[in-house]
Structure formats: C-alpha cells, structure tokens
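> Give me the fold of what follows.
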Amino acid sequence: MPSSNTTREYKKSSSFKAANLFLLLLLFSTLCLSASLYLYLQPNSDDIKILIVLLVVAGVLPLLLLVLASYLISIFVVTRINRIADTANEIMSTGDLTKRLKIDSRWDDLSFLSQVLNSMLDKIEQLMSGVQHITDTIAHDLRTPLARLRNKLDAEKDDKLVTEVDGLLKTFNSLLSLSSIESGRQQLKFVEFDLQALIEDAVGLYDPLAFEKQQTITVTTVPASYRGDRDLMFQVIANLLDNAIKFTPEGGHIQVQLEVVNGRCKVHVDDNGPGIPVKSRNKVFERFYRDPDQQALQGAGLGLSLVNAVLKLHKADIHLEYKQSGLRVTLDL
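Modelled structure (predicted):
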C-alpha cells in the first residue's frame, strides 16, 4: 500500500534514472569515438592504431547496450501496461472488485502506479460494499412489514393493492437473492442434473402465462446433463422466459432451444418482441436498469442482473443477439 502522498519525485523515478544512464552511455560513447577519430587523423604508430581500435570498440559497445536496453525496456513497459489493461478489462467485464493488479517489483514507475490503482480499487470496493450493505439492510427490514401488509390486504380482498405489494416483495426478494449470490454468501449445490428436463419444467410453468397473452412457446431440446446449482439455473431459465413473455406482443411466438455443441450446452431463447434499443444494450445487466421506453411494463430491472450473477458463478456466458424483429438470448454453458 503506498503512502497518502501519491506524488513521486522525478529524481527517484526509474524513468529519470534510466535517462541519466543513457545520457552517461552516450557521452562516454561520444568521447571514445571522438578521440579515436582525432587519433586516426594524426600520424600514428602501431600502438596508436591499437588504441584507436580499442576506443572504437569502447565507443560502439555503449551504443549496442543502449539499443538492447531500449528493446528490453519497451518489452517490460508493454508487458506491464497489458497486465494493467487486462486486469481493468476483467474488472469491467465481471464486476469483480476484489481483483487487483499484480505487483512483482517496487523499483519501476509502473509498479508504483499499480500500487496507487490497487489502493483506489480498495476504496471503491469499500464504498460499494457499504452501499450494498445499506441496500440489503433496507430490503431485509422492509420485507417483513410488507409481508404483514400483504396478508392484511389479502384478508380485506383488496386485489389491486395486493398485486402492488406482491411486486414490491418480489423486488426485495430478488435484490436479496442477487446480493447473496454476488457476495458468495449463498451456499451453492453443484450436482449433475438433467438440463433437458429442467428447461421443459420451466416452460411448463410459464405456458399458462403465455397462453393468457395468446402466445405460443416452441421447445426443441436434446438429452443433456449439466453440473451446477439446479435451483439457480432454473431461476435463470425462468427469468429469460418471463422477459420473453413480457416483451413479446399478444399472439407472438417464443422459441426455446437446447443443443450440445463441442461438448458444451447452449440454450437459446428467441422472441419476436421489439428487442432492446441500441441505447440500452450496454446497460441491461445493471441493477434496476429499465429502458425508458418500457417503463409501463412491470418489473424492477433485476432479472438480467440475477441471470448474469448466476452465470458468473457457473463460469458460463450470456450473449444477446439483436435481430430485425425480436431478440435471441444465448446461454453458453
């Protein structure tokens, strides 16, 4: 951890020291070559000729060292920059703020920069943990009184308010579940299970919902087993089906496909809804994000965040393919 003073004196920097070394080598090389040229232009004996050769060698050798040092330094700098960039990209793509830049030396400027960046990541992680803790606490504390309110409204047969409270409870439950998954608090139960049966069960659960909107769901599967947490993977498929039904218009069609490609399971969920607008495509996996044009639809914007979190635990990927009409979601398991 660097001190609170993150300004490095230029005289102590590795770049300044390298520049001084290069300057000394150039001066030495210039003096040797100048002296050899001067002696060469004078009448000289065999001993002087030997001295000229030695001076030329002494002048050329530092230049060769400069070329070699420049080459090695460029490799060193590019390697360190790539390491920093790779770690930054990994943090951005996974959202894992526990990752840090690897530091295996202390003398160079890039290692000093890496220490400062690691300190910044420590602070960001601390702040995000605080925000997440507050959010979890609020969701946990409000869930119980909301459940009591829901029971009271149910007893009074106020269906409209019961529906509203159910939506709030679903949001808080999803939020707590997402936080539990992302923080690693949820105990995973990785077992080998029948993925084909899981998908068919999920479709069977959502068939009545699709029927209410006069939608059809087509299922094409092959026998496939998968090792993971069955309950969480069921949640993933259920969320994708829920989104597809929600955004597909009445009378629309949803297709679910399971295939095995090169030993890996792939699940496709296609719909012929409006798809995802370009402005929202980089934000759909963020918590609480909802497209401004779809605010009328129910939901808290946690579905795809939950899906993404579960897939990360399973080392799986999700891809969104934007078609002319509709959306294809692919799970690469």
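> going forward, measure contacts and count neighbours with C-alpha atoms only.
Fine.
> and residue 316, what are its phi and psi?
Dihedral angles phi and psi of residue 316 (degrees, to the nearest 10) take the values phi -110, psi 170.
> Low-confidence regions, the stretch 51-200 of the chain specifically.
The model of the stretch 51-200 of the chain has pLDDT under 70 over residues 93-95, 128-188.
> quick one: the strands in the chain?
Remark: strands assigned in the chain by DSSP state E are 190-194, 216-220, 225-229, 253-261, 264-271, 317-322, 327-332.
> In terms of mean pLDDT, which of those ranks lowest?
Sorting the strands of the chain by mean pLDDT places strand 317-322 lowest, at a mean of 82.
> Give me the sheet partners of that strand and which way each runs.
Using DSSP bridges, the strands paired with strand 317-322 are strand 327-332 (antiparallel).
> ok, residues contacting the strand it pairs with?
Contacts with strand 327-332, where a contact means CA atoms under 8 Å, 6 or more residues apart in numbering, come from 240, 264-276, 316-322.
> Recalculate using a threshold of 7 Å.
Strand 327-332 is contacted from outside by 265-273, 275, 316-322, using CA atoms under 7 Å, 6 or more residues apart in numbering.
> same question, stretch 225-241
Contacts of stretch 225-241 (CA under 7 Å, 6+ apart): 188-195, 198-199, 202, 303, 307, 310, 314.
> Next, the buried residues of it.
Within stretch 225-241, the residues that count as buried by 16 or more other CA atoms under 10 Å are 225-226, 228-230, 232-233, 235-241.
> repeat for stretch 209-222
Those would be 210, 215, 216, 217, 221, for stretch 209-222 by 16+ other CA under 10 Å.
> isn't the second one right next to residue 247, touching?
No - contact between residue 215 and residue 247 fails when scored by CA atoms under 7 Å: they sit 11.3 Å apart.
> circling back: now a ChimeraX select for only the buried ones of the contacts of stretch 225-241.
To isolate the buried subset of the contacts of stretch 225-241 in ChimeraX, counting by 16+ other CA under 10 Å, use the following:
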select :195,198,199,202,303,307,310,314
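> Closest one of the contacts of stretch 225-241 to residue 326?
residue 303 (18.1 Å; CA to CA).
> domain ranges for the protein?
10-96, 129-183, 190-332 (automatic domain parsing).
> for the strands of the chain, which one sits closest to residue 42?
Of all the strands of the chain, strand 317-322 comes closest under CA to CA, at 76.2 Å.
> Give me the angle between the closest one and strand 264-271.
30 degrees (axes from the mean of the first three to the mean of the last three CA atoms, to 10 degrees).
> what does strand 317-322 contact?
Contacts for strand 317-322 (CA under 7 Å, 6+ apart): 275, 311, 327, 328, 329, 330, 331, 332, 333.
> Report the spatially nearest residue to the first one, omitting neighbours in sequence.
Right, residue 275. residue 326 (4.5 Å; CA to CA, 6 or more residues apart in numbering).
> can you tell me which residues contact that neighbour?
271, 272, 273, 274, 275.
> Could I have the ChimeraX command that selects the buried members from those?
Command for ChimeraX that selects the buried part of these, burial taken from 16+ other CA under 10 Å:
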select :271,272,273,275
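> Now for the residue nearest to residue 36 when sequence neighbours are not counted, how many residues are close by?
Nearest non-adjacent residue to residue 36, counting by CA to CA, 6+ apart: residue 52, 4.8 Å away. Neighbour count for residue 52, taken as other CA atoms under 10 Å: 21.
> What are the phi and psi values at residue 106?
phi -130, psi -10.
> can you count the residues close to the closest residue to residue 30 other than its chain neighbours?
Closest residue in space to residue 30, ignoring its immediate chain neighbours: residue 59 at 6.6 Å, by CA to CA, 6+ apart. Counted with other CA under 10 Å, the neighbours of residue 59 add up to 23.
> Could you tell me which residues within stretch 51-69 count as buried?
Under 16+ other CA under 10 Å, the buried positions of stretch 51-69 are 51, 52, 55, 56, 58, 59, 60, 62, 63, 66.
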